[in-house]
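S.K.: structure for the following, please:
(2 chains)
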Amino acid sequence: QKEVEQDPGPLSVPEGAIVSLNCTYSNSAFQYFMWYRQYSRKGPELLMYTYSSGNKEDGRFTAQVDKSSKYISLFIRDSQPSDSATYLCAMSAFNAGGTSYGKLTFGQGTILTVHP
Amino acid sequence: ETGVTQTPRHLVMGMTNKKSLKCEQHLGHNAMYWYKQSAKKPLELMFVYNFKEQTENNSVPSRFSPECPNSSHLFLHLHTLQPEDSALYLCASSQGQGFGYTFGSGTRLTVV
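M.R.: Purely as a prediction, here's the structure:
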């Protein structure tokens, strides 16, 4: 079983739609959860991060973490063609001393296309 | 220049060649990373450097040799690669470890 599972898609939606992207994970030690966006021929850029469970909102983007289900989501409201990219979830664990372990584990990435 | 800069952007090399990838970060970060991104696979961590010291080698074959002369520069030396090593090689940096990575645009490597 992979540590992080993410449906690669591709996902195609019309402009203005609500997009839901998801990842599941198996390692209960993960504490930090991130979403990266990667445009074609570019490196990933950090979009949002959350610590432990809960929701975080930033403009049209909402990140949700459900640690009991080991499930994280990214919602995009009013999607735009400029949102077309690959979205990668990533997560990291902390060691017993409370300091960062330092290793990000990534999902495979979901290819999203928003068409006008 | 700002952010994380990787050169070259594209590289084609034969299996007997030796080449190097370069990464430079202008963010004052103290940790640097090499990742491999292949089609239909998650990003694979290769090496981690923290304050110039290698803290992780993720079972990478010896034909990949990293070098970190200072906290701002990271190299990946390549020799006798295989076609399956063709991929996008990404460099990243962070202040501390665990989250908030800044990635470069990557080097697209093709081994022929």
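
S.K.: from what I can see B:Glu56 touches B:Trp34, true?
M.R.: No - between B:Glu56 and B:Trp34 there is no contact under Cβ atoms under 8 Å: 10.2 Å. Every C-beta, even on glycine, is put in place using the N, C-alpha and C of the backbone.

S.K.: which regions of chain A sit below the pLDDT cut-off?
M.R.: Of all residues in chain A, those with pLDDT under 70 make up the ranges A:94-102.

S.K.: return the residues of it in contact with chain B.
M.R.: Residues of chain A lying close to chain B (Cβ under 8 Å from any Cβ of the partner chain) are A:2, A:4, A:6, A:8, A:32, A:34, A:36, A:41-46, A:49, A:88, A:90, A:92, A:94, A:100-109.

S.K.: filter those residues down to the buried ones.
M.R.: A:4, A:6, A:32, A:34, A:36, A:43-44, A:46, A:49, A:88, A:90, A:92, A:94, A:100-109 (16 or more other Cβ atoms under 10 Å in any protein chain shown).

S.K.: which of these fall in strands?
M.R.: Cross-referencing these against strands under DSSP state E gives A:Val4, A:Gln6, A:Tyr32, A:Met34, A:Tyr36, A:Leu46, A:Tyr49, A:Leu88, A:Ala90, A:Ser92, A:Thr105, A:Phe106.

S.K.: quick check: closest non-adjacent residue to the second one.
M.R.: Going back to what we said before, that points to A:Gln6. Spatial nearest neighbour of A:Gln6, chain neighbours left out: A:Gly107 (3.0 Å); criterion: Cβ to Cβ, 6 or more residues apart in numbering or on different chains.

S.K.: that neighbour and A:Glu5 touch, don't they?
M.R.: Yes - under the criterion of Cβ under 8 Å, A:Gly107 lies in contact with A:Glu5, with a separation of 6.8 Å.

S.K.: which residues are common contacts for those two?
M.R.: Taking Cβ atoms under 8 Å, 6 or more residues apart in numbering or on different chains as the contact rule, the neighbours common to A:Gly107 and A:Glu5 are A:Cys23.
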